[in-house]
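**Q** With the sequence up front, the predicted model follows.
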Amino acid sequence: MRVETQVCVVGAGPAGLMLSHLLALHGIHSIVLEARSRQYCEERVRAGVLEQTSVAMLEQSGLAARLHREGMRHEGLDLGLNGRLHRIALQELTGKGVTVYGQQEVVKDLIARRLADGGDLRFECGEVSLHQLDSAHPLVRVAAAGGEYEIHCDYVAGCDGFHGVARSSIPQGVLQCYERTYPFAWLGILAEAAPSRQELVYMQHDRGFALYSMRSPSVTRLYLQCAPDEDLTEWSDDRIWSELHARLDSHDGWKPNEGHILQKSVTGMRSFVVEPLQYGRLFLAGDAAHIVPPTGAKGMNLAFADVYYLAEAMQEYYRRDSSERLQQYSATCLRRIWRAQRFSWWMTSLLHRFASDSPFDRKRQMAELDYVMNSRAAATALAENYVGLPLEA
Ligand code: RFL
Ligand code: PHB
């Protein structure tokens with residue numbers, strides 16, 4: 001069977017869904033192919049912090065109604081060192097804030113809207129393979145339960161995450177990879193507990209980093225630095241709470257509320273970029289092209305920025321028959337990607353315990369945190385990156 005579309009989007013995460021939505025607003029047809037079920041995509045707990053630019057993108061594309069009702073706008077965050085907290089006043093320093101709204105909520109809103117608009121989303125699509133990417137007529141073959149079919153399109157968007165098929169369909173030698181892995185991971189929990197504080201706490205601690213975040217007025221999200229191969233079965237609920245208290249409870253008497261643990265997971269940390277983001281008529285976007293350690297809260301935001309540029313470039317191609325912006329797509333995105341990489345690496349280095357650190361390294365790290373906590377210039381640099389750099393035209 002032969003199917004036709006303008007853009008075949010592989011992956012229904014934030015990148016693929018937002019791209020398909022923006023393309024539809026520009027009058028460009030797309031088909032989204034997703035390996036997993038709709039329920040799986042909607043329940044996958046991941047990111048939580050949206051930059052103002054991402055919120056503006058959701059607002060301008062008509063997707064912010066529930067976000068405005070349920071999202072929590074934050075005008076600051078706390079940095080801590082061994083229980084001593086210091087607020088970084090994001091709004092005061094930059095004129096901007098961030099919004100805490102779960103990635104799975106963004107995904108639910110995007111799926112609902114695409115389906116309401118008659119979008120073609122194919123969940124549990126079967127095995128996807130990409131062909132003729134360096135020709136004017138790329139084709140995507142889908143081996144589904146009901147038989148195989150082919151999607152003929154003008155462009156393919158690889159929005160299928162770090163483990164997807166798109167990046168690996170590019171011939172050897174085309175891409176340059178830049179990578180750093182970190183000698184630790186995050187043990188994350190979602191707890192049925194009302195947040196005991198309105199803003200996030202990033203705590204640097206002798207026992208290891210800890211992060212206090214939230215999802216709603218009744219759900220807290222917490223993370224602990226752990227070993228990359230940490231065995232979750234060794235972490236009873238009691239052990240998790242006691243370690244969270246040991247790292248997070250602050251000298252001024254604040255502590256996270258405890259509650260039933262709904263979910264536990266271990267997430268490895270890496271920095272990763274491929275260049276360029278294009279091979280022939282295939283464009284990579286989001287985690288398919290780059291990964292940041294979660295400390296800077298940049299992953300989903302970068303995915304949105306990529307697809308914003310890609311949708312604009314595709315609009316120019318279809319409206320004005322010009323592929324100039326498509327040719328610039330990779331370079332345009334990479335500038336923002338590398339700035340976010342630098343920031344995410346810096347936040348990670350600032351806040352985690354590195355087993356290999358010498359006593360000198362540790363003292364230097366604490367002095368750096370002390371500087372950020374006590375210099376308006378240093379705090380502003382953190383805040384400016386955390387709330388997100390503006391999208392360039
Ligand atoms: P996704 O979300 O991984 O979606 C890719 C989709 O492609 C599908 N897929 C395929 N479909 C068809 N055929 C194939 N062969 C396929 N292979 C894969 C997958 O099933 C999936 O549905 O990538 P996308 O869209 O690029 O989005 C990226 C974000 O998900 C990611 O960057 C963020 O979650 C990162 N992240 C954070 N980002 C933020 O902006 N703010 C945060 O606060 C934040 N916190 C986090 C995070 C990521 C975390 N983890 C679990 C990695 C916290 C954590 C703990
Ligand atoms: C989250 O709420 O999941 C979260 C918040 C901030 C981060 C990473 C994750 O830096």
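**A** Cool, the structure landed. Ligands and ions are numbered 1, 2, ... in the order given.
**Q** Verify the contact between residue 174 and residue 278 for me.
**A** No - if you go by Cβ atoms under 8 Å, residue 174 and residue 278 don't touch, sitting 9.6 Å apart. (Each C-beta comes from the backbone N, C-alpha and C, glycine too.)
**Q** Quick check: which element contains the residue nearest to residue 197 when sequence neighbours are not counted?
**A** Nearest non-adjacent residue to residue 197, counting by Cβ to Cβ, 6 or more residues apart in numbering: residue 254, 6.1 Å away. Residue 254 belongs to no helix or strand when elements are defined using DSSP states H and E.
**Q** Residue 254: neighbour count?
**A** Per other Cβ atoms under 10 Å, the neighbour tally for residue 254 reads 16.
**Q** And for residue 217?
**A** Neighbour count for residue 217, taken as other Cβ under 10 Å: 9.
**Q** got the contact list for it?
**A** Contact analysis of residue 217 by Cβ atoms under 8 Å, 6 or more residues apart in numbering lists 194-195.
**Q** any idea how far it lies from residue 244?
**A** Distance from residue 217 to residue 244, counting by Cβ to Cβ, to the nearest Å: 20 Å.
**Q** Please apply the same query to residue 25.
**A** 43 Å.
**Q** What segments of this structure are helices?
**A** In the chain, the helices defined using DSSP state H lie at 14-25, 38-43, 52-60, 65-70, 90-94, 103-116, 237-248, 299-320, 324-351, 359-374, 376-387.
**Q** Contact partners for the residue in the chain positioned nearest to ligand 2?
**A** Per Cβ to the nearest ligand atom, residue 48 is where the chain lies closest to ligand 2, at 2.8 Å. When contacts are counted by Cβ under 8 Å, 6+ apart, residue 48 is found next to 100-103, 213-215, 221, 297.
**Q** Equivalent analysis for residue 307, please.
**A** 15-16, 18-19, 22, 157, 159, 285-286.
**Q** check contacts around residue 41.
**A** 12-13, 34, 107, 111, 123.
**Q** And for residue 31?
**A** 3, 5, 7-9, 120, 122, 151, 153.
**Q** For the residue nearest to residue 379 when sequence neighbours are not counted, which residues are in contact?
**A** Excluding the flanking residues, the one nearest residue 379 by Cβ to Cβ, 6+ apart is residue 88, at 5.2 Å. The contact partners of residue 88, by Cβ under 8 Å, 6+ apart, come to 76-79, 372, 379, 382-383, 386.
**Q** rewinding a little: among the contacts of residue 41, which are in reach of ligand 1?
**A** Among the contacts of residue 41, the residues within reach of ligand 1 (Cβ under 6 Å from any ligand atom) are 12-13, 34.
**Q** Residue 44 against residue 106, yeah?
**A** No - look at residue 44 against residue 106 with Cβ under 8 Å: they stay out of range, at 11.3 Å.
**Q** Who has more neighbours out of those two?
**A** Comparing residue 44 with residue 106 by other Cβ under 10 Å, the one with more neighbours is residue 106, at 26 against 13.
**Q** Next up, the contacts around that one.
**A** The contact partners of residue 106, by Cβ under 8 Å, 6+ apart, come to 14, 50, 58, 67, 300.
**Q** 6 Å instead, please
**A** Neighbouring residues of residue 106 by Cβ atoms under 6 Å, 6 or more residues apart in numbering: residue 14.
**Q** Who has more neighbours out of residue 174 and residue 278?
**A** Using other Cβ under 10 Å, the more surrounded residue of residue 174 and residue 278 is residue 278, with 23 against 13.
**Q** does that one have beta-bridge partners, and which?
**A** Residue 278 forms beta bridges with residue 283, as assigned by DSSP bridges.
**Q** So residue 247 sits against residue 207, correct?
**A** Yes - with contacts counted by Cβ atoms under 6 Å, residue 247 reaches residue 207, the gap being 5.3 Å.
**Q** more crowded one of those two?
**A** Each of residue 247 and residue 207 has its neighbours counted (other Cβ under 10 Å); residue 247 has more, 24 against 13.
**Q** The more buried one and residue 199: what is the separation?
**A** 17 Å.
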